[in-house]
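# have a look at this prediction, sequence included:
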Amino acid sequence: MKVPFLDMKARHAAGKREFLQAIGGIIDSGDFCGDAAVEEFEREFAAYCGCRHAVSVGSGTDALWLTMRAMGIGPGDEVITVPMTYMATIEAILMTGAKPVFVDIEEMTYTMDPAGLERAVSPRTKGILPVHLFGQPASMAPVTEFASQHGLRVIEDAAQAHGAEYQARKAGSLGHAGCFSFYPSKNLGAFGDGGAVVTDNDDLAGNLRVLRNHGQPSKNRHAVLGWNSRLDGIQAAVLRIKLRDLDAQNARRRAHAARYHAAFEGVPGIIRPECAADRLHVHHIHAIRTRDRRRMLEHLAAQGIECGVHYPLPAHLQPALSNMGFRRGDFPGSERCAAEFISLPMFAELTAAQIDCVVEAVMEASGAFAST
Ligand SMILES: *Cc1c(COP(=O)(O)O)cnc(C)c1O
């Protein structure tokens, strides 16, 4: 049986008529850039996250970059983050002119290890940017406590964590600002690029609205140097429909993750992803770990099972950062995970038969390697 990593067609098949109707509505109104659909989506997404404001932007990368700019983070400043993330997190820091400073991840949740903050902080530190990797919120209580002791901003990279919760509060609402991506493959995905920042801070939201629109607080008055980073009307209309079943979609992902988890209990050579007790995981990515990744991936591919690796090279070892002087061995937790992660098929429409097929192939492979 062929099992895709992600099935976009299955995601949209049932609702196609509704999506087309909503897009038709935008064509009829001519509200292509902003206006009603965008404002309504912003209101609904803010309410969903339990925040006063949602400011939509052009992408998740822009959400991170513009948030840090709106906070006044720039050249000479440092922002603490993790090397085990998508490169966009690091690009956004570097684009402000600030320097990324890394702390390693906890190997249970694969998110920022707050124990590393003390060593990473300096007089130049302005912010901490934890990443809710794979859909599990980072250990936020110690992060926000450390931040308030040191007067630092906390920016959440929630691009993989729409609807996830930490101590019964939504990802994105845990720091000063939460940054989301609506890239099509994310748990809440548009029909193209998009992003948003959620926050309770009125000034920050106001600054972001100005920055995303060429620095204009009012037409033709460019108060600061801004940028063009808007969510368009069609994306907003699509996202309004998808937001309504985000919780149901996430619940299905959780059920699939539970099926994988039960099946891999006690399987030699497989480390299963865990979820901390005080968190609701939304399983954007379901990554198991195995020492012999190459052979496992080959075996799965031969069975028609499409997998991924998120991420094979941690940020500190990327060529783009080679001038920063990092070395292999600097962040061993991230490096081990980068060498061992395999992302298994995971999307809401996955069937039990497909999961069982993946499970069988993983078992076969792990049994074969254990005996060689
Ligand atoms: C997807 C993603 C981003 C970037 O979002 P884009 O919308 O693609 O710009 C940032 N951080 C993480 C962790 C992501 O997964």
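Arrived safely, thanks for sending. Numbers count the residues shown, from 1 in each chain.
# measure the residue of the stretch 1-150 of the chain found nearest the ligand to Ala159 for me?
Going by CB to the nearest ligand atom, the ligand is nearest to Gly60 of the stretch 1-150 of the chain, at 2.4 Å. (Each C-beta comes from the backbone N, C-alpha and C, glycine too.) Using CB to CB, to the nearest Å, Gly60 is found at 4 Å from Ala159.
# okay, now the unreliable bits of the stretch 51-200 of the chain?
Of all residues in the stretch 51-200 of the chain, none has pLDDT under 70.
# those strands in it, which residues are they?
53-57, 78-81, 99-102, 125-128, 153-157, 165-166, 169-170, 177-181, 195-199 (DSSP state E, counting those that start in this stretch).
# check the stretch 251-372 of the chain too.
279-280, 286-289, 341-344.
# quick check: mean pLDDT of the one helix or strand Phe19 maps to?
Taking DSSP states H and E as the definition, Phe19 sits inside helix 16-29. The pLDDT scores in helix 16-29 average 96.
# which one is Val82 nearest to, not counting chain neighbours?
Met112 (5.0 Å; CB to CB, 6 or more residues apart in numbering).
# Ile155 contacts Leu64, correct?
Yes - at 6.8 Å, Ile155 and Leu64 qualify as touching, with contact defined as CB atoms under 8 Å.
# can you list residues touching both of Gly60 and Ala159?
With contacts defined as CB atoms under 8 Å, 6 or more residues apart in numbering, the residues shared by Gly60 and Ala159 are 88, 179-181, 183, 186, 195.
# could you check the distance from Pro345 over to Arg252?
13 Å.
# okay, and the common contacts of Ile155 and Leu64?
Shared contacts of Ile155 and Leu64, defined by CB under 8 Å, 6+ apart, are found at 129, 179.
# so the following helix or strand past the helix holding Phe19 versus helix 16-29, what angle?
Note on helix 16-29: by DSSP H and E, the next helix or strand toward the C-terminus is helix 36-49. Interaxial angle, helix 36-49 versus helix 16-29 (axes from the mean of the first three to the mean of the last three CA atoms, to 10 degrees): 130 degrees.
# how far off strand 53-57 does helix 36-49 point, in degrees?
130 degrees.
# packing partners for helix 36-49?
Secondary-structure packing of helix 36-49 (3 or more CB pairs under 8 Å, 6 or more residues apart in numbering; DSSP states H and E): helix 16-29, strand 53-57, strand 195-199, helix 233-244.
# am I right that Glu78 is in contact with Thr96?
No - using CB under 8 Å, Glu78 is not in contact with Thr96; the gap is 10.9 Å.
# can you list the residues of the stretch 51-200 of the chain near the ligand?
For the stretch 51-200 of the chain, the contact set with the ligand under CB under 6 Å from any ligand atom comprises 59-61, 85-86, 88-89, 131, 157, 159-160, 181, 183, 193, 195.
# Leu208 and the ligand, how far apart?
Distance, Leu208 to the ligand, by CB to the nearest ligand atom, to the nearest Å: 16 Å.
# in a markdown table: the helices and strands packed on helix 36-49, plus mean neighbour count and distance to Met71.
As requested, those are exported to a markdown table (neighbours: other CB atoms under 10 Å; distance: least, CB to CB, whole Å):
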| stretch | mean neighbour count | distance to Met71 |
| --- | --- | --- |
| helix 16-29 | 13 | 33 |
| strand 53-57 | 26 | 13 |
| strand 195-199 | 29 | 10 |
| helix 233-244 | 22 | 25 |
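# to Ala13, which of the strands of the stretch 51-200 of the chain lies closest?
Shortest distance between Ala13 and the strands of the stretch 51-200 of the chain, using CB to CB, is found for strand 177-181: 23.4 Å.
# from the chain's centroid, how far away is that closest one?
8 Å (CA atoms, centre = their mean, to the nearest Å).
# that strand pairs with which strands?
Strand 177-181 has its sheet partners listed here by DSSP bridges as strand 153-157 (parallel), strand 195-199 (antiparallel).
# now those as CSV including distance to Val224?
CSV is the format used below for the strands paired with strand 177-181 (distance: least, CB to CB, whole Å):
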stretch, distance to Val224
strand 153-157, 18
strand 195-199, 17
